[in-house]
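Colleague: Okay, here's the prediction I keep looking at, along with the sequence it came from:
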Amino acid sequence: MTEPIDSIRVDIWLWGVRIFKTRTLASASCRSSKVRVNGDTVKSSKLIRVGDVIDVQKPRSKMTLQVLSLLKKRVSAKEVTAYKKEISLIVEERVDPIVKPIRGEGRPTKRKRRLMDAFLDEVERGSS
């Protein structure tokens, strides 16, 4: 018989609902204070329950999730929506550098470097 569970470790849940690719990454994220449960930073061994709100900060995104159901093992991507509700998702867009080197041109000459530095100084002064 399968008995219902009332709590589960936060790292197992994050891995199970496919927020992190591995459980090790989920645990490391908890250790480095990137995961909050109900507003408090937690260790990976923190037990969560249905209704808890989890904030996860990843390198290029921040997400807030609500726990809808608990699970014993990792589920398929199709079934994930039954276990979590995304409250918010903020994705930071990647900013391309202003000056890109031209492929095959090699290192810039002293003159080109001076021109690039002068241009970047103008851009910084204009944005201030």
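Modeller: Sure, I can see it. Residues are numbered from 1 along each chain as shown.
Colleague: Any idea how far apart the tips of stretch 66-82 sit?
Modeller: Stretch 66-82 has an end-to-end distance of 11 Å (CA to CA, to the nearest Å).
Colleague: what's next to that stretch, contact-wise?
Modeller: 5-8, 13, 15-18, 48-54, 83-85, 87 (CB atoms under 8 Å, 6 or more residues apart in numbering). Quick note: C-beta positions are derived from backbone N, CA and C, even for glycine.
Colleague: what does the top helix by length along the chain rub up against?
Modeller: Ranked by residue count, the top helix of the chain under DSSP state H comes out as helix 110-127. Residues outside helix 110-127 that contact it (CB under 8 Å, 6+ apart): I98, V99, P108.
Colleague: Which secondary structure element of this structure has the lowest mean pLDDT?
Modeller: Lowest mean confidence among the helices and strands of the chain (mean pLDDT, DSSP states H and E): helix 110-127, at a mean of 88.
Colleague: Could you look up the SS state of D55?
Modeller: Assigned with DSSP: H, G, I helix; E, B strand; the rest coil, D55 falls in the strand class.
Colleague: From G126, how far out is it?
Modeller: D55 is 36 Å from G126, where distance means CB to CB, to the nearest Å.
Colleague: circling back to that earlier point, got a winner among the contacts of helix 110-127 for most neighbours?
Modeller: Neighbours here mean other CB atoms under 10 Å. Within the contacts of helix 110-127, the largest count is held by P108, at 14 neighbours.
Colleague: gap between stretch 23-35 and the chain center?
Modeller: 10 Å (CA atoms, centre = their mean, to the nearest Å).
Colleague: Give me the buried positions along it.
Modeller: Of the residues in stretch 23-35, R23, A26, S27, S29, C30, K34, V35 count as buried by neighbour count, 16 or more other CB atoms under 10 Å.
Colleague: beta partners of the last one?
Modeller: Think V35. On the basis of DSSP bridges, V35 is bridged to V56.
Colleague: Wait, T22 touches W15, no?
Modeller: Yes. Contact criterion CB atoms under 8 Å: T22 and W15 qualify, at 6.8 Å.
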